[in-house]
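Asks: Below is the structure, and that's it, no one-letter string:
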């Protein structure tokens, strides 16, 4: 089972930082999840929000800041906003895996190029809310695993699963409130693997671990 630290060990350390990724592996995760955006000068950086305001001591849109400006910011405890290469390097060091969320359509080719440069195609699952982004990834490299993130209740299960098949995803990532045992069985029946999010207690972990293939948490200590 994939034991996934959401933005690292984000309950106790600054999210989406090298420190948070290292701590996640050290305290129980075998996988980390992080988000990729592009700066004004098209550098790939790890940050969830469109703006830097919530997670740093700065202000403004990531897309309107240069990489040099981004790197001057404190992302918490003296940490910097990492590059995709720096995040992947941590994963490689710990011999783990990672979920890389594509936050912006059009960055797929660049992200894949960085992954291939690191020879980490088998260690990465590219995820997104954007079906077009995942479709593009498979067009660029059919062997790289992809996962569709879903947050809203699925009204037409058959239609949804057909969509997943059409865009050739390997994983389905439902938010826990919308995942039932029956829905999990249907997803598996169609040949997809499941990552549920966010599970932050040992009680919930015990409830879900038999029905899914991966669990995402803000607190990787629940895995120990």
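Replies: Yes, it's here. Computed from a predicted structure; not experimentally measured. Numbering: from 1, shown residues only.
Asks: And residue 28, how close does it get to residue 148?
Replies: 26 Å (CB to CB, to the nearest Å). Backbone N, C-alpha and C define where each C-beta goes, glycine included.
Asks: pull the helix or strand with minimum mean pLDDT from the chain.
Replies: helix 202-208 (a mean of 94; mean pLDDT, DSSP states H and E).
Asks: which secondary structure elements does that one contact?
Replies: strand 214-217 (3 or more CB pairs under 8 Å, 6 or more residues apart in numbering; DSSP states H and E).
Asks: Sheet partners, orientation included, of the strand it packs on?
Replies: Applying DSSP bridges, strand 214-217 is found paired with strand 2-6 (parallel), strand 193-197 (parallel).
Asks: hang on, the earlier thing: between residue 28 and residue 148, who's got more neighbours?
Replies: The residue with more neighbours, out of residue 28 and residue 148, is residue 148; 22 against 17, by other CB atoms under 10 Å.
Asks: does that one have beta-bridge partners, and which?
Replies: Residues in beta-bridge contact with residue 148 (DSSP bridges): residue 128, residue 172.
Asks: Could you pull out the helices in the chain for me?
Replies: With helices called from DSSP state H, the chain shows them at 18-26, 67-71, 84-93, 108-117, 131-140, 157-166, 181-189, 202-208.
Asks: So which of these is the most surrounded?
Replies: Burial of the helices of the chain is given as mean neighbour count (mean count of other CB atoms under 10 Å); helix 18-26 ranks first at a mean of 23.
Asks: contacting residues around that one?
Replies: 5, 7-10, 12-14, 32, 34, 77, 79-80, 82, 86-87, 90-91, 94, 96, 220 (CB atoms under 8 Å, 6 or more residues apart in numbering).
Asks: and with 6 Å instead?
Replies: Here helix 18-26 makes contact (CB atoms under 6 Å, 6 or more residues apart in numbering) with 5, 8-10, 13-14, 32, 79, 82, 86, 90, 94, 96, 220.
Asks: And those, which is closest to residue 106?
Replies: If you rank those by distance to residue 106 using CB to CB, residue 82 comes first, at 21.0 Å.
Asks: For stretch 171-191, measure first residue to last.
Replies: 9 Å (CA to CA, to the nearest Å).
Asks: Quick one: mean pLDDT over it.
Replies: Stretch 171-191 carries an average pLDDT of 96.
Asks: Now do it: distance to the chain's middle.
Replies: Mean-position distance between stretch 171-191 and its chain equals 18 Å (CA atoms, centre = their mean, to the nearest Å).
Asks: quick one: contacts of that stretch?
Replies: 147-151, 153, 157, 161, 192-196, 211.
Asks: Selecting buried members of those residues in PyMOL, what would you type?
Replies: Those of the contacts of stretch 171-191 that count as buried under 16 or more other CB atoms under 10 Å are selected in PyMOL with:
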select buried, resi 147+148+149+150+161+192+193+194+195+196+211
